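Colleague: Here is my input, please return the structure:
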Amino acid sequence: MLFSHDDQTVLLQPISPELFCGQYLKGDKAAFRPLRNAFNVAQTSLRKLSQNPDGNELEALQDENIENWRVLAEQLMHVFKTSSRDIELIGWFLAAQLQLDPSASSFSLTLEWLAQLLEDHWDEINPCLPADKLKSESEQGKKAEQAEAKSKAFFQWLGDSEESSLLYAPVLALPIVSGITFFQYQSAERKGEVGALKQQATAVVSHERSDIQRKLDNLNSAMIALEKMAALANTRSQALGVVAPNFNFVKSLLHKLDNAILHLTGLKHSSVAQSAVSGNATAQATSNEPVSEVSQPVTQSADTLLFTSGHLQVSASNNFSQTAQMNSLNRDLAFHQLREISDYFRQSEPHSPISFLLEKAIRWGYLSLPELLQEMMSGAESGSLDKIFHVAGLDHSDQVLLPDVTQHAVGIQQPSITPVSATEPQMKPAEVKAEEASPSAAPLNQKTEKEKPAGSTALRW
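Modeller: Coordinates of the predicted model:
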């Protein structure tokens, strides 16, 4: 049972005219207990997989695990449509979607649906405690108790650390490419063996490029939805003096997965590629426009640097920091293009040193002058074989992790410089930052990232 756009549409309709999100299911033990049992069974099967099972039984355990999460997802979907939409149950459903859909598409869609529910129906989404469970007599106090109940429901799957999050084990089990999971990447990173893993990934990246790109886009959408939920929960909770749920650990986990995919595959977010395409189109259109007569006044916009295919056009600017920033972005774009060329030669001519030399150029481009001089002198007194490896760049197998590029420009073909008018480009982030101030008080025992987790509510790998 994978969550789809059609499911989103259906589940944004009321369950009943009286209760948009249905009843508080935990109050009905007969209805809640079967769901809890199905969740425990699914958790158990995932735990078995995390304990390094024998190869002979691995396939059977994987099939059993998928089936258990599928059964849970189907039961929860029926509940969402007919009886209750509850924050804790949606957390279970999110874990199921990660197990059932390696592309993270249904996971992202589920988060978007939950974010929309919170925005439109915060007071109605469960848990909504019945009146006899509320201790406060004032209306404001009752609202605070309801908000606290929602925060506790979030805590059940957000956790008080990355490892205690309900989503931790399912995220680790996600494949980055075929045959390489996020768990394997983290293990290789701790052992300093990422280079070998990248060589293994290179063989399949070209065949799975579109799938990997979709996964990156889905993770980006998921992080946007989490940011939206965090902002909504913070606003509602702070207004009532309640500690807001801490989304930082889940956001950090997804951010690490995102970085792992970028590092291992050498791909970048589609928004980066789209910006490059739109930048090329804009520059081409500009180069085809007739040049204004000298007699016409030219209005120049400060802090702007534009490239066209025929001319390097620079606006008069008194603010050189903006110009420096743009130059940095153009430089990063050039290194990204070198990386693409390097990947091409690595796949098409693995016997050739061309890809290693290009990677050496990229690595040197991001070294400081002292570091560069030290590396250049390091092979001066070495043996002949070491010199060959050093000169060809074969002594470094790891790729440099390039910075994301959020603004692009076209390459310079002619050295002529002409002042022109331009509008200031708007800088857009290529990915959602996984940083947010954590609440200082923590009645729910949610700790900040700097603290060590006291316990775990999810599987540890």
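
Colleague: residue contacts, Ser16?
Modeller: Gly22 (C-beta atoms under 8 Å, 6 or more residues apart in numbering). Every C-beta, even on glycine, is put in place using the N, C-alpha and C of the backbone.

Colleague: For the remainder of this discussion, apply numbering that starts at 27.
Modeller: Sure thing, new numbering starts at 27, so read that last one as Ser42.

Colleague: can you confirm it is in a strand?
Modeller: No. Ser42: not assigned to a strand; according to DSSP: H, G, I helix; E, B strand; the rest coil it is coil.

Colleague: Quick check: pLDDT value at it.
Modeller: Ser42 carries a pLDDT value of 94.

Colleague: Same question for Ala387.
Modeller: Reading off the model, Ala387 has pLDDT 88.

Colleague: my guess is it meets Leu364, correct?
Modeller: Yes. Ala387 is within contact range of Leu364, at 6.5 Å (criterion: C-beta atoms under 8 Å).

Colleague: what about those two, which has more around it?
Modeller: Comparing Ala387 with Leu364 by other C-beta atoms under 10 Å, the one with more neighbours is Leu364, at 16 against 13.

Colleague: residue ranges with poor pLDDT in the stretch 127-276 of the chain?
Modeller: Counting by pLDDT under 70, the stretch 127-276 of the chain contains no low-confidence segment.

Colleague: Show me the domain layout of the chain.
Modeller: Following automatic domain parsing, one gets these domains for the chain: 31-295, 298-313+324-444.

Colleague: Go through these and pick out the most buried.
Modeller: domain 31-295 (a mean of 18; mean count of other C-beta atoms under 10 Å).

Colleague: so how far is the first residue of that domain from its last?
Modeller: 22 Å (C-alpha to C-alpha, to the nearest Å).

Colleague: if I pick Ser232, what's in contact with it?
Modeller: Ser232 neighbours (C-beta under 8 Å, 6+ apart): Gln373.

Colleague: Sticking with it, tell me its helix or strand.
Modeller: helix 220-265 (DSSP states H and E).

Colleague: after that helix comes which helix or strand?
Modeller: Next along from helix 220-265, by DSSP H and E: helix 274-291.

Colleague: Show me what that next one is packed against.
Modeller: In terms of contacts (3 or more C-beta pairs under 8 Å, 6 or more residues apart in numbering; DSSP states H and E), helix 274-291 is packed against helix 194-198, strand 201-203, helix 208-217, helix 220-265.

Colleague: can you put those in JSON lines and add distance to Pro153?
Modeller: Converted to JSON lines, those look like this (distance: least, C-beta to C-beta, whole Å):
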{"stretch": "helix 194-198", "distance to Pro153": "23"}
{"stretch": "strand 201-203", "distance to Pro153": "34"}
{"stretch": "helix 208-217", "distance to Pro153": "31"}
{"stretch": "helix 220-265", "distance to Pro153": "14"}
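
Colleague: Can you name the element that comes right after the one helix or strand Arg62 maps to?
Modeller: Using DSSP H and E, Arg62 maps to helix 55-75. Downstream of helix 55-75, the next assigned helix or strand under DSSP H and E is helix 81-108.

Colleague: angle of the helix or strand that that following helix is followed by against helix 220-265?
Modeller: The element immediately downstream of helix 81-108 (helix or strand, assigned by DSSP H and E) is helix 113-126. Interaxial angle, helix 113-126 versus helix 220-265 (axes from the mean of the first three to the mean of the last three C-alpha atoms, to 10 degrees): 160 degrees.

Colleague: returning to what we had before: just list what the helix holding Arg62 packs against, helices and strands only.
Modeller: Looks like helix 55-75 contacts helix 81-108, helix 113-126, helix 194-198 (3+ C-beta pairs under 8 Å, 6+ apart).
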